Each structure stands twice: as C-alpha cells, then as structure tokens.
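Trainee: here is a sequence together with a model predicted from it:
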Amino acid sequence: MYVLGWHGSIHREWEDMAPGWAVHDAAAVLVRDGAVVAAIEEERLNRLKHSNFFPRNAIRACLEEGGIGWDDIECVAVNFEEQVDDIFPGDVGRPALNIFLDDPRVRQRTVRDMLVSLFLDEFSVDTTDRLAFCHHHLAHLWSAWGPASYPDALTVSFDGSGDGLSGMVGVGGNDDISIIRSYDVDQSLGNLYADSIRLLGYHRFDEYKAMGLAPYGDPRRFESLFGELYELLPEGQYRIASRRDRWAILNRAGVLSEARRHDEEFAAVHADIAAAVQAALERVILHVLGFFRRATGQRNLCLAGGVAHNCTLNGKILEAGLFESVFAQPAAHDAGGALGAALAATHRRGGSMARSDDCRVFTGRRLHRETDVSVPLRRWEDHIIVERVPDPSRLGAELLSQSQVIGWVHGRSEFGPRALGHRSILADPRPAGNKDRINRMVKKRESFRPFAPAIRSERLGDVVELTDTTTDLSYMNFSLRVTRDAALLLGAVTHVDRSARVQSVSRDFDPPFWNLIYEFERLTGVPAVLNTSFNNNAEPIVDSVDNAVACFLTTGLDAMIVENFLVRRRRPLGWSHECEKLRPALPDSRKLVVRSVPADGTPTRGYFIDCTASKFFALPSVAISRLLYELLLRAVENEATVGELYDLCALPADQRGAVGDELFSLWEKRVVVLAP
C-alpha cells in the first residue's frame with residue numbers, strides 16, 4: 001500500500017498571500033507498507049529555507065522517485081486535524097481564499113474542501129476519498145516510533161505548537177501508540193525558548209544559533225532569574241509564566257536593558273543568557289522524562305518535535321542515564337510530520353508496517369536521472385573545469401590533507417536539516433582556523449558557530465566519550481564530550497566546552513563517505529573530518545547539480561567532487577565577463593515591483609524584488625537599480641543571457657560592470673537565479 005504524507009500550507013509561491021511562519025518546513029513523504037520510498041523537503045526544491053508553501057514540487061519528486069502515479073496512491077495523509085481555525089488561523093475570512101470558493105466542487109469553506117480543490121488544481125487528481133488527517137503531535141510520535149524498531153518505548157514530542165498542543169507523551173507498543181499526556185500551548189517549551197532568545201537579537205528558527213552560543217556562557221549567572229519563568233510540578237507537569245509575566249520578570253531584573261540588537265556584537269552577558277535559556281529547557285525536559293520513565297517503566301525513548309533538534313539537550317538525556325536506549329528522529333521538525341502522518345494512516349488502514357532500525361535518511365532526489373552526472377556539469381563548462389577521477393574518496397581525502405575545503409556531493413539527498421555526507425562541505429578537522437575560515441568564506445555567519453566531526457564508526461570511542469545509554473549516532477543529533485586527547489587534536493570541530501555534534505559513519509551506512517574518512521585517516525592518522533551542510537547562509541542545503549555549482553561559484557570553496565568528477569573554477573570568485581553567458585531568472589516566490597519611496601521629502605520611484613515567503617525565511621524586499629530592474633524585466637519576457645539582455649536594453653558598456661556586480665550580489669543572496 002502506497003501512502004503519500006505531506007506537511008505544508010495551502011499557498012503556492014506565486015500566490016501573494018503573505019503567509020506567516022505558523023506553517024513551515026513543508027515536505028512530502030512516500031511510504032510503501034510502512035517503508036520510506038522517498039522523503040523530500042520542499043525547501044530543497046523551491047530554494048526557500050523552511051518553506052511555508054504547499055509542497056507541490058516535493059510531492060511530484062516523491063512520485064517520480066517511486067516510479068508511480070496517482071492511481072497507485074491509496075491514501076493522502078497530512079499532519080494536522082480537520083479544523084480550519086486551528087490549522088490556518090490567519091486564513092479564515094481572508095478574501096484571498098476565494099480562489100478556492102470559485103470552484104463549483106467546493107461547497108463549504110472547510111480544510112477538506114480546500115485540499116480537494118488544491119489537489120484538483122495542482123495535480124488534476126481527486127483526493128476526496130483518499131484524504132486522511134492526523135493530529136500534529138501524534139504525527140511527530142509516529143515519525144519517531146515507526147522507524148525506531150523498539151518493541152516498546154516511551155515516545156515524546158515537544159515543539160512550539162500544533163493542533164492546540166505543545167507536547168504529547170505516548171507509549172509505543174504492539175505496532176500502535178497510546179497517548180498518556182498532552183501539554184497545552186501555554187506550556188510550550190518551544191515558545192519559551194524562541195521568546196527568550198529575542199534577548200540575543202534572534203528570532204524563531206534561530207534556536208540553533210543560541211544553542212551554539214550557550215557553551216560560551218555561565219548558566220549560573222541567570223539561573224535563579226530564569227527559574228522564575230517556570231515551575232516544576234508533580235507527576236511530570238510544569239507551569240510556564242505567561243509571556244507578559246515573563247517579560248515583566250526579566251524587565252524588573254534589568255535584563256531587557258542588556259538585550260542585544262540584531263546587528264550588535266555579542267557580549268559575555270549574551271552568552272550567559274543563552275546558557276541560562278538552554279539550562280532551563282534541559283531541566284524541564286529531564287523533569288518530564290524522569291517522571292514518565294518511572295511511571296511507565298519504559299527503558300527505550302523516542303524523541304520528535306522541533307525541541308528534539310536541540311542536540312545539546314539530547315546529549316544531556318544520554319548522560320542522565322534514564323533510559324537504556326534513545327532514538328531521536330533525524331527529521332524531528334515539522335517536515336518529519338509528513339512521515340508520521342503517512343505511518344499513522346498506514347496503520348489505521350490496516351497496512352503492514354515494515355518497522356526497522358534501518359532508518360536511512362538518504363531518501364531525497366537523485367543527482368541526475370541519467371547515468372552520468374557529467375551531463376548537467378558540462379552545461380557549466382564556461383565557468384568550471386570538470387575532470388573525471390578514478391577514486392573520488394581517495395582524492396577527497398588528499399585534498400583535505402592539503403588544507404583544501406571541498407564540496408562533496410553524491411547519491412540521493414538527505415531528509416532532515418543535517419547534511420550527512422551526501423550534500424556536504426568537508427575540511428580538515430584539526431586546524432582551529434578552519435572553523436573561522438568556513439564560517440567567514442562560505443557560511444557568512446557568526447564565528448562561534450560550531451561544526452561537526454564525521455567519525456569512522458570503528459574509531460568513535462577514541463574521539464568521543466560514549467555514554468552507557470545506547471543510541472544511533474549516525475544522524476548528527478547528539479552532542480557528546482570529545483576525549484581530552486582528541487580535543488587537543490580536533491580544534492575545528494571541538495566546541496568551547498569540549499563538546500561536539502557527533503556523526504558516526506559506518507561502511508554500511510555510506511560507503512563512499514566512509515572510504516573518504518578512511519583514506520584521510522591513512523594519510524593523517526585522524527579518523528574524522530569536518531562536515532557541514534553544503535549551502536551558504538541564504539539558502540537551504542543544495543539538492544541538484546545546478547544548486548551545487550551555484551553555491552560553489554559564489555563561495556570560497558577550493559574544489560568540489562560530484563560523484564566521480566572533480567570540479568574547479570576557471571576563474572577567481574566574483575563577476576566576470578564569462579558570467580554574461582548565464583541566463584537570469586526570478587524564483588517563483590520573487591517578483592519585480594515598482595513603488596513610491598520618500599527621497600528628500602519628495603516621493604520617487606523605487607525598484608524592488610519582493611518575496612511572497614515569510615520574512616522569517618527570506619529577504620522580504622530587496623532594492624535594486626533601475627537598470628537592473630529593466631534588465632530583469634526583459635529576462636521575464638526573453639530566455640536570454642545576461643550579455644544578450646545588455647544588448648536588448650542598450651546598456652552602455654561603461655555601466656555593464658556595475659549592473660553585473662549588482663546581479664552577482666543578488667545571486668549570492670539567492671534573490672535571483674543564474675544558470676546556463
């Protein structure tokens with residue numbers, strides 16, 4: 001039985017409805033008898049971080065990867081309940097939703113009718129009798145319990161909110177989950193964390209940045225103060241002060257005056273705040289888990305929900321020794337809810353469940369449907385040099401040992417927020433300067449942000465201090481202590497508190513990546529490499545060959561290996577005459593806009609590229625020059641290269657360089673697309 005699970009909103013990129021962040025991390029998952037056939041996040045395809053749109057591209061890609069059509073799909077499952085007010089709170093009564101009401105097949109404004117109309121419009125398929133709904137947090141529980149393969153387990157979900165709850169606790173057993181506790185939105189640990197990091201100049205979806213800052217601080221400085229924001233209660237309960245009361249408490253203590261503005265430098269007080277926020281989260285979660293471990297007697301734990309992406313917290317759970325074994329869903333965020341909804345629907349419809357500990361994450365798109373990825377690479381030959389190599393793993397290791405930073409791309413892309421060796425940037429993990437170098441030249445982000453060591457599984461115990469609690473460390477979702485000897489050696493991947501977000505790589509899990517680490521150890525004696533996601537700060541992890549080449553050409557990477565091809569630049573980083581051979585385009589979520597802007601008290605025409613995505617996920621509006629506006633306007637009407645557009649716009653030769661530089665800057669920010 002094929003089941004298609006999906007998560008996302010009802011909006012598509014070109015529909016100017018200003019969707020917010022309440023729905024985010026859209027994704028689609030194709031499951032056959034409980035086994036994942038394909039799982040793809042929409043952001044990888046529409047190139048918008050945390051995409052909050054309908055996952056139309058991901059749905060098509062899942063069907064393509066599965067080699068099936070709509071007639072093969074028995075059920076279309078979604079990870080929310082069938083209530084408009086709960087799921088789309090900002091949409092009720094919006095005139096824009098008349099696009100659904102105009103369809104004569106829609107008789108009422110219900111979520112079911114909207115979805116039926118949406119699938120008819122987008123895919124020409126009637127899902128009336130195939131739709132299945134699943135509570136947001138129950139879907140999270142299934143996403144962890146389904147792949148874990150434990151005979152029974154305590155199964156826990158915590159996040160910001162979903163379907164009127166912020167958390168759920170259940171016991172998985174006999175191929176089903178029994179719910180034993182729910183936590184209301186006013187108990188939201190996700191919201192508590194997201195609100196608190198506003199003191200650091202961060203907002204929602206920056207939680208991982210605060211987690212990276214926390215080890216630089218002392219949690220004791222604000223421990224008692226943040227302790228006033230929550231109260232631990234008997235039987236695994238807790239209370240969180242209201243948002244108004246929390247800010248009042250912090251204001252009385254003078255903390256608000258210490259708050260960091262977004263563009264300010266970090267001070268010691270900010271690190272101390274981050275440490276206190278992290279410590280508060282850990283204390284509440286361990287309180288909850290401790291109670292339910294005693295109450296249920298369960299020895300195994302499954303984690304999902306956005307809070308389960310806090311790898312520092314996950315490491316503390318291992319260190320606490322409450323459970324014999326822990327599994328954290330690699331896609332614990334809302335994208336994973338698409339998997340959970342599909343598994344829940346499979347169970348409800350009596351389908352067989354292929355529950356297995358073989359929880360692969362390499363379930364995304366293949367690099368190229370053809371046998372040779374040189375086909376898409378060769379399209380870029382004006383800009384890159386492409387060379388076939390006999391042993392890419394050995395070559396990659398040699399480049400790393402020569403202090404080069406490389407892109408490493410092969411196989412199907414990962415499902416979840418971590419690049420685990422299929423869409424990765426790799427470097428030598430020893431020089432501490434590599435951390436600053438990559439943060440500066442590629443990621444363009446704060447210098448304190450850590451990178452992960454990918455370690456050959458056979459040598460894992462030589463690098464990190466393993467706990468008595470067993471877990472699968474393949475997915476980079478636990479932070480553990482690095483051994484003292486390894487910490488002295490691995491300066492680029494050991495955090496300030498001697499921790500590291502560990503990835504264990506076995507030969508069975510990923511043979512090419514394991515071989516690269518093995519060859520690097522043979523050359524250097526070090527059984528680990530620095531691994532981080534292949535992307536810059538303005539985009540999601542690369543998915544396709546074109547994505548990888550664009551990122552390579554707009555960052556400071558030294559080289560790139562794509563399957564069995566070595567890729568180097570023909571010219572230094574930056575705009576050049578050769579870039580005039582590329583064709584510019586706007587993503588579906590971007591549009592050219594002209595509007596009045598004040599200038600010296602007199603309104604004048606301003607030119608912009610606006611975005612329909614939430615401001616949390618993309619630059620909402622970018623000002624551009626009139627000349628570039630005219631060039632891009634022509635590009636919408638003509639499939640022409642930049643050079644050809646210069647001629648169409650009769651752009652003087654002495655102005656082409658400035659327009660080219662402006663265009664290249666927008667390409668770096670992924671506001672425009674440039675491709676052969």
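Mentor: Thanks, I have the structure now.
Trainee: looking at the protein, which helix or strand does the model trust least?
Mentor: helix 98-101 (a mean of 40; mean pLDDT, DSSP states H and E).
Trainee: tell me the gap between the helix or strand just after that one and the middle of its chain.
Mentor: Per DSSP states H and E, helix 98-101 leads on to helix 111-123 as the next helix or strand towards the C-terminus. Relative to the centre of its chain, helix 111-123 is centred 27 Å away, using Cα atoms, centre = their mean, to the nearest Å.
Trainee: dump helix 111-123 to PDB, keeping only the CA atoms.
Mentor: Extracted in PDB, the C-alpha atoms of helix 111-123 (Å, rounded to 0.1, in the frame of the first residue of the first chain):
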ATOM      1  CA  VAL A 111     -10.000  22.400   5.200                       C
ATOM      2  CA  ARG A 112     -11.100  19.200   3.400                       C
ATOM      3  CA  ASP A 113     -12.700  21.100   0.600                       C
ATOM      4  CA  MET A 114      -9.700  23.400   0.300                       C
ATOM      5  CA  LEU A 115      -7.400  20.500   0.000                       C
ATOM      6  CA  VAL A 116      -9.600  18.600  -2.500                       C
ATOM      7  CA  SER A 117      -9.700  21.800  -4.600                       C
ATOM      8  CA  LEU A 118      -6.000  22.300  -4.300                       C
ATOM      9  CA  PHE A 119      -5.000  18.800  -5.400                       C
ATOM     10  CA  LEU A 120      -7.500  19.100  -8.300                       C
ATOM     11  CA  ASP A 121      -5.900  22.300  -9.400                       C
ATOM     12  CA  GLU A 122      -2.300  21.300  -9.000                       C
ATOM     13  CA  PHE A 123      -2.300  17.600  -9.900                       C
END
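Trainee: name the strands paired with whichever helix or strand comes after it and say parallel or antiparallel.
Mentor: Heading C-terminal from helix 111-123, the first helix or strand you meet, by DSSP H and E, is strand 131-133. Sheet pairing here is set by DSSP bridges, and for strand 131-133 it gives strand 73-78 (parallel).
Trainee: buried set for the partner strand?
Mentor: In terms of neighbour count (16 or more other Cβ atoms under 10 Å), strand 73-78 has its buried residues at 73, 75-78. Yep, even glycine has a C-beta here, placed from its N, CA and C like the rest.
Trainee: what is the burial count for Tyr230?
Mentor: 20 (other Cβ atoms under 10 Å).
Trainee: so who does the residue lying closest to it once chain neighbours are set aside touch?
Mentor: Of all residues not flanking Tyr230 in the chain, Ile240 sits nearest, at 4.9 Å (Cβ to Cβ, 6 or more residues apart in numbering). If a contact means Cβ atoms under 8 Å, 6 or more residues apart in numbering, then Ile240 has 186-189, 192, 229-230, 246 as its contacts.
Trainee: switch those residues over to CSV; also include distance to Asp468.
Mentor: Putting those into CSV (distance: Cβ to Cβ, whole Å) gives the following:
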residue, distance to Asp468
Asp186, 36
Gln187, 31
Ser188, 32
Leu189, 26
Leu192, 30
Leu229, 32
Tyr230, 29
Arg246, 36
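Trainee: most neighbours among those, which one is it?
Mentor: Top of those by neighbour count (other Cβ under 10 Å): Leu189, with 26 neighbours.
Trainee: wait, isn't it in contact with Arg283?
Mentor: No - with contact defined as Cβ atoms under 8 Å, Leu189 does not reach Arg283; the gap is 10.6 Å.
Trainee: quick one: Ala308 and Ser479, what's the gap?
Mentor: Relative to Ser479, Ala308 is positioned 13 Å away (Cβ to Cβ, to the nearest Å).
Trainee: tell me, what's touching the two both at once?
Mentor: Contacts common to Ala308 and Ser479, judged by Cβ under 8 Å, 6+ apart, are Asn314.
Trainee: how far away is the residue sitting nearest the centre point of the chain from Gly336?
Mentor: In the chain, the residue lying closest to the centroid (Cα atoms, centre = their mean) is Pro417, at 3.5 Å. The gap separating Pro417 from Gly336 is 10 Å, by Cβ to Cβ.
Trainee: ranges for the helices of the stretch 101-250 of the chain?
Mentor: For the stretch 101-250 of the chain, the helices defined by DSSP state H, counting those that start in this stretch cover 111-123, 136-148, 189-196, 207-213, 223-227, 243-252.
Trainee: quick check: which ranges of the stretch 501-650 of the chain have low pLDDT?
Mentor: 573 (pLDDT under 70).
Trainee: now do the helices in it.
Mentor: Using DSSP H, counting those that start in this stretch, helices in the stretch 501-650 of the chain cover 511-524, 545-553, 626-637, 642-648.
Trainee: out of these, deepest packed?
Mentor: Looking across the helices of the stretch 501-650 of the chain with neighbours counted as mean count of other Cβ atoms under 10 Å, the highest average goes to helix 545-553: a mean of 24.
Trainee: just give me how far it sits from the chain centre.
Mentor: 18 Å.
Trainee: name the helices or strands packed onto that helix?
Mentor: helix 374-378, strand 384-388, strand 406-409, strand 559-562, strand 565-569, strand 673-675 (3 or more Cβ pairs under 8 Å, 6 or more residues apart in numbering; DSSP states H and E).
Trainee: hmm, who's touching the third one?
Mentor: In other words, strand 406-409. With Cβ under 8 Å, 6+ apart, strand 406-409 has contacts from 367, 396, 399-400, 421-427, 513, 516, 534, 542, 545, 548, 551-552, 557-563, 567.
Trainee: selection in PyMOL covering whichever of those are buried, please.
Mentor: Provided next is the PyMOL selection string for whichever of these are buried by 16+ other Cβ under 10 Å:
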select buried, resi 367+396+399+400+421+422+423+424+425+426+427+513+516+534+542+545+548+551+552+557+558+559+560+561+562+563+567
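Trainee: for the stretch 1-150 of the chain, give me the ranges with low pLDDT.
Mentor: Looking along the stretch 1-150 of the chain with the criterion set at pLDDT under 70, you get 16-21, 84-109.
Trainee: list the contacts for the nearest residue to Met1 once chain neighbours are set aside?
Mentor: Here the nearest residue to Met1 in space, its sequence neighbours aside, is Gly351; by Cβ to Cβ, 6+ apart that works out to 4.3 Å. Residues near Gly351 by Cβ under 8 Å, 6+ apart: 1, 3, 33-34.
Trainee: most neighbours, which of these?
Mentor: Val3 (28 neighbours).
Trainee: wait, doesn't it sit right on His347?
Mentor: No - using Cβ under 8 Å, Val3 is not in contact with His347, being 9.9 Å away.
Trainee: run a quick neighbour tally on Leu586.
Mentor: Residues near Leu586, counting by other Cβ under 10 Å: 17.
Trainee: contacts only, for it.
Mentor: Leu586 neighbours (Cβ under 8 Å, 6+ apart): 592, 609, 632, 635-636, 672-673.
Trainee: including distance to Gly254, could those go into TSV?
Mentor: Formatted as TSV, those follow (distance: Cβ to Cβ, whole Å):
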residue	distance to Gly254
Leu592	47
Ile609	42
Leu632	49
Ala635	53
Val636	53
Val672	45
Val673	48
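Trainee: could you single out the nearest of those to Val405?
Mentor: Val673 (24.5 Å; Cβ to Cβ).
Trainee: break this protein down into its domains, please.
Mentor: Using automatic domain parsing, the domain parsing of the chain gives 2-78+82-133, 148-328, 374-569, 577-675.
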